[in-house]
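Chemist: test case, fold it:
(chains A and B)
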Amino acid sequence: MKKNLTCVACPLGCSITVELDDNGQILSVTGNTCKRGDAYARTEMTNPTRSLTTTVKVDGGRHPVVPVKSAAPIPKSMLFDCMKVINQITVKAPVHIGDTIIDDILHTGVAIVATNEC
Amino acid sequence: MLNYDLVVVGGGPAGMAAALQAKECGVKKIIILERAETLGGILEQCIHTGFGLHYFGEELSGPEYAGRFIEQVKQTDIDVKTDTMVLDISPQNLVTAVNKKDGLLQINAAAVILAMGCRERPRGALSIAGTRASGIMTAGTAQKYVNIDGYMPGKKIVILGSGDIGLIMARRMTLEGAEVKMVCELMPYSGGLTRNIVQCLNDFDIPLKLSTTVIETHGKERLEGVTIARVDDHGQVIDETQEYVECDTLMLSVGLIPENELTKGIGITLDPITKGAVVTEMRETDHPGVFACGNVLQVHDLVDYVTMEAQIAGQGAAAYIKDRAAFENAEYIPTIPGNGVRYIVPQKMNIRSKEDIKLYFRVGAVYKNAKVVLEADGTVISAKKKVKLAPGEMENVTVPADIIAKLTKDSKICVRVEESQ
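Modeler: Numbers count the residues shown, from 1 in each chain, chains lettered A, B, ... in the order given. Take a look at the predicted model:
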């Protein structure tokens, strides 16, 4: 069986074809133009992940919220659960780029970090 | 009156990269004038990732990408004035600006780089029938409400236009708990990056309705719904396809317009397609010593390309400040968009250039398995196979220095798309 994907690893958006055998095992990955594309296609077929970017409330900052991101991709199925956790938090200013806001969100092993000064 | 070698108008990614490059090329006195309260431009509100893959080789959010340049600017002696609005640039390159602290500023500049960016096409440009209910806004305005001001502009959303900001906002609003009912696109294809359709719409099962537009808005105080309809190949509404969609918010992501009021004021020639200045390969406009780069020159889809273009302009301005005579001796020929190509930047190139010149362009329609052909005087210089070409994705082709050396003032350089048979 063949499956066509559009790579989201970078804005190039390569069209990737993954060939699977009857047991769903990956036989080949073609169409990608870099290693990241190969890795994307493999995780997409087994455990799709996405980077999460959102905001966290800030007390006493230059804006009411500061942007944050997941330091690594998290399972796609957990995006909304992670949003719930992040939306319950308020941090105190000052916040700096790279500051850890949550060490390990929902036991994914992934940290939530600030992406701007506030 | 202040005197500077280089005045950069705009402190977004284009302005910062241009100023830094000029500094690196040895320009002494540089000042950046920025209208907002901080450097960074629109990147401040673009909190999603995907910035910097080409330039830094890593995936950054907008504020992180801007932050790297802000840090670099701080390490130099480049002067920065924020909260400062440039009002006018005279034909003698006298820059008039105003801010709360200095009042009226007059700056004499040897060279000027225009890096004012762009703004969104507003509702008025679309002539949608209906009331002036609240809840109708551009996607970028909504982005600022959510990402900077921290509040949600609505709960049930319809997005008109599938530009990247619209797609990004579809995901953003969904993550924050809103219901994004659909994204409507007038054209038969999306104007956004394919990856954004995948990760912003498909991931959340948000329908993308192509060849569909909003023809009417409903509601008096607050938007209550919109009427959508399908359109034919000529953009005309097809009868009996009208459909009412309940929503409290309509977001518009229907294109960006370079912000060229200052450019027009100087009398610089604009390209009717890009809506930005006509420039040379150094990004010099037809007004000597005035350069342009970034979204004020042509709307980009990737900030990485903005940075690279700004560096060319920074280098160009530095070369101009150092040796004006070389610019006066330049001999330009136009770059000609051929079949399938909407425009090329730069619009003209110096045939005395000793270096390769990269031509950036956009196609006018979606092509599969086509070739990008570069021709000089009817001879094919290169023909590059492309699996996919789309109007939403900027392409480039290089004119090699050895080819430029053979060009004369009557030569014609053309880029065209050759469809597969």
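Chemist: got any ranges where chain B has weak pLDDT?
Modeler: For chain B, residues meeting the criterion pLDDT under 70 lie at B:125, B:421.
Chemist: spell out which residues of the stretch 201-350 of chain B are next to chain A.
Modeler: Applying C-beta under 8 Å from any C-beta of the partner chain, we find that the stretch 201-350 of chain B lies next to chain A at B:Asp203, B:Asp301, B:Leu302. The way it works is simple: take the backbone N, C-alpha and C, and place the C-beta from them, glycine included.
Chemist: nearest to chain A, of these?
Modeler: Chain A has its nearest neighbour among those in B:Leu302, at 5.6 Å by C-beta to the nearest C-beta.
Chemist: next one: the closest one from B:Glu395, what distance?
Modeler: Distance of B:Leu302 to B:Glu395, computed by C-beta to C-beta, to the nearest Å: 12 Å.
Chemist: with A:Gly13 instead?
Modeler: Separation of A:Gly13 from B:Glu395 (C-beta to C-beta): 13 Å.
Chemist: swap in B:Gly166?
Modeler: Taking C-beta to C-beta, one finds B:Gly166 at 22 Å from B:Glu395.
Chemist: higher neighbour count, the two?
Modeler: B:Gly166 (30 against 17; other C-beta atoms under 10 Å in any protein chain shown).
Chemist: can you verify my assumption that that one contacts B:Thr138?
Modeler: No: here B:Gly166 does not reach B:Thr138: they are 9.3 Å apart, not a contact under C-beta atoms under 8 Å.
Chemist: shared neighbours of those two, which are they?
Modeler: Between them, B:Gly166 and B:Thr138 share these contacting residues under C-beta atoms under 8 Å, 6 or more residues apart in numbering or on different chains: B:Met251, B:Leu252, B:Ser253.
Chemist: state the helix or strand in which residue 8 lies.
Modeler: No chain specified, so I'll use chain A. Using DSSP states H and E, A:Val8 is not contained in any helix or strand.
Chemist: wrong chain, I was asking about chain B
Modeler: Going by DSSP H and E, B:Val8 is in strand B:2-9.
Chemist: helix or strand next in line after that strand, which one?
Modeler: With elements assigned by DSSP H and E, the helix or strand that comes after strand B:2-9 is helix B:13-24.
Chemist: tell me the secondary structure at residue 43.
Modeler: In the absence of a named chain, this looks at chain A. helix (DSSP: H, G, I helix; E, B strand; the rest coil).
Chemist: other chain: chain B
Modeler: helix.
Chemist: ok, now how distant is the residue of chain A most remote from its centre from chain B?
Modeler: Relative to the centre of chain A, the most outlying C-alpha is that of A:Asp22, 29.6 Å out, by C-alpha atoms, centre = their mean. Distance of A:Asp22 to chain B, given as C-beta to the nearest C-beta, to the nearest Å: 26 Å.
Chemist: show me where the stretch 301-421 of chain B has its strands.
Modeler: With DSSP state E, counting those that start in this stretch, the ranges of strands along the stretch 301-421 of chain B come out as B:332-337, B:341-345, B:348-350, B:357-363, B:367-376, B:379-389, B:395-399, B:413-418.
Chemist: make TSV out of those strands and add distance to B:Met16.
Modeler: Below are the strands of the stretch 301-421 of chain B laid out as TSV (distance: least, C-beta to C-beta, whole Å):
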stretch	distance to B:Met16
strand B:332-337	28
strand B:341-345	20
strand B:348-350	26
strand B:357-363	20
strand B:367-376	31
strand B:379-389	31
strand B:395-399	22
strand B:413-418	30
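Chemist: and these: which comes nearest A:Ile26?
Modeler: With C-beta to C-beta as the measure, strand B:379-389 is the member of the strands of the stretch 301-421 of chain B nearest A:Ile26 (21.8 Å).
Chemist: with only the CA atoms kept, save the closest one in CSV.
Modeler: Extracted in CSV, the C-alpha atoms of strand B:379-389 (Å, rounded to 0.1, in the frame of the first residue of the first chain):
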residue,chain,number,x,y,z
THR,B,379,19.0,30.9,-25.9
VAL,B,380,18.1,28.6,-23.0
ILE,B,381,20.6,29.1,-20.1
SER,B,382,19.0,26.7,-17.7
ALA,B,383,15.8,24.6,-17.5
LYS,B,384,15.0,23.3,-14.1
LYS,B,385,12.4,20.7,-13.5
LYS,B,386,9.8,21.4,-10.8
VAL,B,387,7.4,18.9,-9.4
LYS,B,388,5.1,21.7,-8.3
LEU,B,389,4.9,25.5,-8.9
